[in-house]
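# have a look at this fold, sequence not included:
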């Protein structure tokens with residue numbers, strides 16, 4: 001996610017993301033919003049978890065990275081770890097890992113993309129629940145904080161971007177599933 005000069009440019013850039021899945025805007029207000037997106041995948045939770053952590057560079061959309069190369073992303077699966085992106089001396093700490101229950105839940109805190117530069121923070125949860133011989137993956141994000149801008153304007157575009165991100169993981173897992 002390239003650094004944005006202002007709110008209108010940030011909204012326009014995020015709006016260009018085509019949704020790969022539908023997320024729900026649970027609530028929105030001038031000071032924040034809550035999103036929830038969920039997809040079922042034909043893989044057990046431990047397999048879905050490993051793909052989430054180990055294969056992030058294969059499923060995360062490259063056009064939603066700072067330097068256009070998703071292979072430079074990493075997710076540390078320990079409290080205090082990071083969801084990071086490195087490109088030589090250029091580095092981004094996207095979010096801090098604050099809670100890990102392997103195969104079930106990872107919680108990260110911070111602001112994603114242009115929200116980070118605005119000083120907006122949030123809690124992002126990746127939940128993995130067994131369902132119908134597969135896994136229901138739910139991506140939940142609550143972001144808020146002070147800004148002179150109306151954060152409720154961001155909810156629909158962040159919603160679409162998160163649908164794209166979760167959709168990337170779901171597609172990656174579906175492509176790995178054995179054929180019936």
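Happy to help now that I have it. Because the structure is predicted, anything quoted here is derived from the model rather than measured.

# longest helix of this structure?
The longest helix of the chain (DSSP state H) is helix 155-176.

# distance between that helix and the chain's centre?
Centre-to-centre, helix 155-176 and its host chain are 8 Å apart (C-alpha atoms, centre = their mean, to the nearest Å).

# again, but for stretch 118-137
Worked out by C-alpha atoms, centre = their mean, stretch 118-137 lies 9 Å from the chain centre.

# all strands for the protein, in order.
For the chain, the strands defined by DSSP state E occupy 23-29, 32-41, 73-75, 82-87, 90-101, 105-109, 121-131, 134-144.

# among the ones you listed, which is nearest residue 58?
Residue 58 lies closest to strand 73-75 among the strands of the chain, at 9.6 Å (C-beta to C-beta). Backbone N, C-alpha and C define where each C-beta goes, glycine included.

# so what secondary structure elements neighbour that closest one?
With contacts defined as 3 or more C-beta pairs under 8 Å, 6 or more residues apart in numbering; DSSP states H and E, the packing partners of strand 73-75 are helix 56-59, strand 82-87.

# ok so, going back, reformat the strands of the chain as JSON lines; add distance to residue 174, mean neighbour count and mean pLDDT.
What follows is the strands of the chain, written out as JSON lines (distance: least, C-beta to C-beta, whole Å; neighbours: other C-beta atoms under 10 Å; pLDDT from 0 to 100):
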{"stretch": "strand 23-29", "distance to residue 174": "18", "mean neighbour count": "16", "mean pLDDT": "90"}
{"stretch": "strand 32-41", "distance to residue 174": "6", "mean neighbour count": "21", "mean pLDDT": "97"}
{"stretch": "strand 73-75", "distance to residue 174": "20", "mean neighbour count": "20", "mean pLDDT": "97"}
{"stretch": "strand 82-87", "distance to residue 174": "23", "mean neighbour count": "18", "mean pLDDT": "96"}
{"stretch": "strand 90-101", "distance to residue 174": "24", "mean neighbour count": "16", "mean pLDDT": "97"}
{"stretch": "strand 105-109", "distance to residue 174": "21", "mean neighbour count": "19", "mean pLDDT": "98"}
{"stretch": "strand 121-131", "distance to residue 174": "15", "mean neighbour count": "18", "mean pLDDT": "97"}
{"stretch": "strand 134-144", "distance to residue 174": "10", "mean neighbour count": "20", "mean pLDDT": "97"}
